[in-house]
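A.B. asks: coordinates only, sequence not included:
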């Protein structure tokens, strides 16, 4: 049977790449079944999209056991392409590949999946991920990663994989998940920070895509306890300008790539990609704070940093002033940044920055201290014991060039692009304060 | 100063892409300094390679503070290209970017680094990674990953990132690192197995590059407690033949990519890439065992599986018989494979396989059980409680197609390619029974 039929996919049919009258074979899951007298309409989902299948006549319906098919049944089908007016396949044969039970959620109906509570959306994750609109989120993430690696690869960066089981935290011990490592205490890495820095002296430019862990107690729409961090670090820089310039080009490349490869998926969310035609505006933190206070009567518990509300308002301001949906906040006080942040010469600031996108921080970055003595002193100022960081310090004692880098939270970037309600929706299997499964 | 000089890299000079007489700027680390009367010879390492710098005359040597330069000092240099006969740069200016202390290892000398004990090699990892030959290992790994993703992307696979913090192990509890997750017990994932399977019903074909964790007590040259697993899983297969065929093409693509992009790095190890012109030979396990017993008088503690010695001997046999350096061992008894392995129809075997390469297993794979009832029964046969796997089973209860996949250990593949003494050398910062740092 199979020899006379050409293997094809739903998208090839719906985009009319396969001609009417052709004999085709498809495989996928049946999402829905409708009976209309002597006709059965089946909706088939495969990795490329969806297409309608038609079974004509009660005899064929019986022979193909259409009655036994429940939503989500995996099948192979054989038939002839017709278009009336939309392309569909008139079935000749159908093979049921697995017996299924009635599903607790209607995978094929976007509106129903969108109405699920967050609890149900994640409890039924093995099923809700099959929904076209939920699945689209992760197609987009896969393409973001492809574009990220492509751009950095062409810019002379080498991919690295640093260990996630570590002996010390990068920030001195807060928010670490602890672990029993053959009866020794260990932790899950909060970031590849120390490793990517050390590797600047090896490869000059490095990037990593990998999981990072934050044992933060708070449950918000902006936090995950395990997320994918897109990190890069580069050497021989003269300041943060080079980091910002590179990230701008990187983001332009990612957005152009998504425009080309994810039009359908973005369309499902009516998502509009940000336009970066001019340099992304930059505001010093102090400047941002005074605008917030004057224009929005913003009040914050910590006057030293922006809170979630402050991030939203400053983005609104920048959008009103410039039409840009991104803004860099620069020159944070050193005291609220990690010890390794480069200090402002003769001031209390730091060579670090955040990038806000549509009201949410999606990147933290900056230049780092590269002189051994200065780095040790910065640790001591924070009450950290340099001896605890001997391996990290080794790289500096024996020659580190000026360097810096940044990290982009994959799920946050995706959340903002698609205007998702929570960053958790952008994780295949999210981990939060209360969720450890599926 | 910088305006008149063109930024270049060591490899561009040594490959004579930059003409004699050109004014160039480079940055990197000084690996060694030799004085010869009125001449100083400096070896500069950058991300592309190494090149010799020359400083002529005691006046210039003093002005550039050549005396203050220790190995590993990061510098910027400006000079003119000469070739006598090898390309070198006659310096005009040099900027020292960081003060360094004498290094405990000689990064610039391959022979010295190779003579280090394993302990020193890893204790001084931030420095030993800078050595050209050590660094080459990770350039090769980065290119393996690039080729892996490129091939699978073109073959319709979607990249995924599954959680590494999990509530249950994939094999029923052995060899798991345990974790305190907000006062709940959790574990580090041994493999993305369950997740990649569930995602077959979402994307049909998926791959993941990420860390996996094995709390195995044994310390060998073949084991790491944290390593990078290259996983793929694909749906709608009719048997393991499709998995093996795809992996063969994948390996051919990876080796061709390395040949093109890593000739220098492979050359440092005198590594010869395996040739896959004919299909990789396949042997059933029982067949392999009887060859081992007859030909090599092989004796194993467990007659059910190959041990390290058995893997070496069977590879030797296949090489003698066919000239191939790879061999698939198939049809393992189901009882020694995970519960999710597809069972042989009417037998006690399984639709699973290992791939051995130059005497070492680098891949385990196979077809999986996709029928809900069968999977549940297989759990029960092993004494596992299906209720503990409810999330995983959800995917099967509601429609999983026939599927299978495999995993390649990145460090093992690299070890075999370069004939490294231990798989640990192929991890940037290895984690073993006794090593948690750097």
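C.D. replies: Received it, and whenever you're ready, just let me know what you need. In this text, all values refer to a predicted model and were calculated from it rather than measured experimentally. Residues are numbered from 1 along each chain as shown, chains lettered A, B, ... in the order given.
A.B. asks: I'd like the distance between the closest residue in space to residue A:58 that isn't next to it in sequence and residue A:57.
C.D. replies: Distance criterion C-beta to C-beta, 6 or more residues apart in numbering or on different chains; nearest residue to residue A:58, sequence neighbours excluded, is residue A:38 at 6.1 Å. Glycine gets a C-beta too; all of them are placed from N, C-alpha and C. Residue A:38 sits 6 Å away from residue A:57 when distances are taken as C-beta to C-beta, to the nearest Å.
A.B. asks: which bits of the stretch 301-438 of chain A sit near chain B?
C.D. replies: Proximity of the stretch 301-438 of chain A to chain B, by C-beta under 8 Å from any C-beta of the partner chain, involves residues A:370-373, A:391-392, A:394-402, A:410, A:427-429, A:431, A:433-434, A:436-438.
A.B. asks: can you flag which of these belong to helices?
C.D. replies: Counting by DSSP state H, these place A:372-373, A:391-392, A:394-397, A:410 in helices.
A.B. asks: out of the residues you listed, which end up buried?
C.D. replies: Buried subset of these (neighbour count, 16 or more other C-beta atoms under 10 Å in any protein chain shown): A:372, A:391-392, A:394-397, A:410.
A.B. asks: now those as CSV including pLDDT?
C.D. replies: CSV is the format used below for those (pLDDT from 0 to 100):
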residue, pLDDT
A:372, 98
A:391, 96
A:392, 97
A:394, 98
A:395, 98
A:396, 98
A:397, 98
A:410, 98
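A.B. asks: what stretches of the stretch 51-200 of chain A score poorly on pLDDT?
C.D. replies: The model of the stretch 51-200 of chain A has pLDDT under 70 over residues A:171-172.
A.B. asks: can you show me the helices along it?
C.D. replies: With DSSP state H, counting those that start in this stretch, the ranges of helices along the stretch 51-200 of chain A come out as A:58-63, A:110-115, A:118-123, A:125-128, A:132-154, A:193-198, A:200-203.
A.B. asks: and those as TSV, adding distance to residue A:289?
C.D. replies: Shown next, in TSV, are those (distance: least, C-beta to C-beta, whole Å):
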stretch	distance to residue A:289
helix A:58-63	69
helix A:110-115	38
helix A:118-123	33
helix A:125-128	40
helix A:132-154	31
helix A:193-198	26
helix A:200-203	32
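A.B. asks: make CSV out of those and add mean neighbour count.
C.D. replies: Formatted as CSV, the helices of the stretch 51-200 of chain A follow (neighbours: other C-beta atoms under 10 Å in any protein chain shown):
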stretch, mean neighbour count
helix A:58-63, 13
helix A:110-115, 13
helix A:118-123, 16
helix A:125-128, 24
helix A:132-154, 20
helix A:193-198, 25
helix A:200-203, 26
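A.B. asks: of those, which is nearest residue B:278?
C.D. replies: Closest of these to residue B:278 is helix A:132-154, at 32.9 Å (criterion: C-beta to C-beta).
A.B. asks: hmm, that closest one in reach of chain B?
C.D. replies: Yes. Against chain B, helix A:132-154 shows contacts by C-beta under 8 Å from any C-beta at A:135, A:138-139, A:141-142, A:145-146, A:149, A:153.
A.B. asks: per-residue pLDDT, the residue nearest to residue A:58?
C.D. replies: Looking at residue A:38, its pLDDT is 95.
A.B. asks: and if you look at the one 4 residues further on?
C.D. replies: The predicted structure scores residue A:42 at 98 on the pLDDT scale.
A.B. asks: give me the element it is part of.
C.D. replies: Assigned by DSSP states H and E, residue A:42 belongs to strand A:39-46.
A.B. asks: just put the ones in helices among the residues of the stretch 301-438 of chain A next to chain B in TSV and tack on distance to residue A:261.
C.D. replies: Shown next, in TSV, are those (distance: C-beta to C-beta, whole Å):
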residue	distance to residue A:261
A:372	45
A:373	48
A:391	41
A:392	39
A:394	43
A:395	38
A:396	41
A:397	45
A:410	16
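A.B. asks: hmm, back to that, show the contacting residues for the residue nearest to residue A:58.
C.D. replies: A:56-58 (C-beta atoms under 8 Å, 6 or more residues apart in numbering or on different chains).
A.B. asks: do a quick rundown of the strands in the stretch 301-438 of chain A.
C.D. replies: A:326-330, A:352-357, A:360-368, A:403-409 (DSSP state E, counting those that start in this stretch).
A.B. asks: residue B:266: which of the ones you listed is closest?
C.D. replies: strand A:403-409 (29.0 Å).
A.B. asks: what helices or strands is the closest one leaning on?
C.D. replies: Under the contact criterion of 3 or more C-beta pairs under 8 Å, 6 or more residues apart in numbering or on different chains; DSSP states H and E, strand A:403-409 touches helix A:193-198, strand A:226-235, helix A:240-261, strand A:360-368.
A.B. asks: what's it in contact with?
C.D. replies: Contact partners of strand A:403-409, identified using C-beta under 8 Å, 6+ apart, comprise A:148, A:191, A:196-197, A:200, A:227-237, A:240, A:242-243, A:247, A:342, A:351, A:353, A:355, A:362-368, A:370, A:423.
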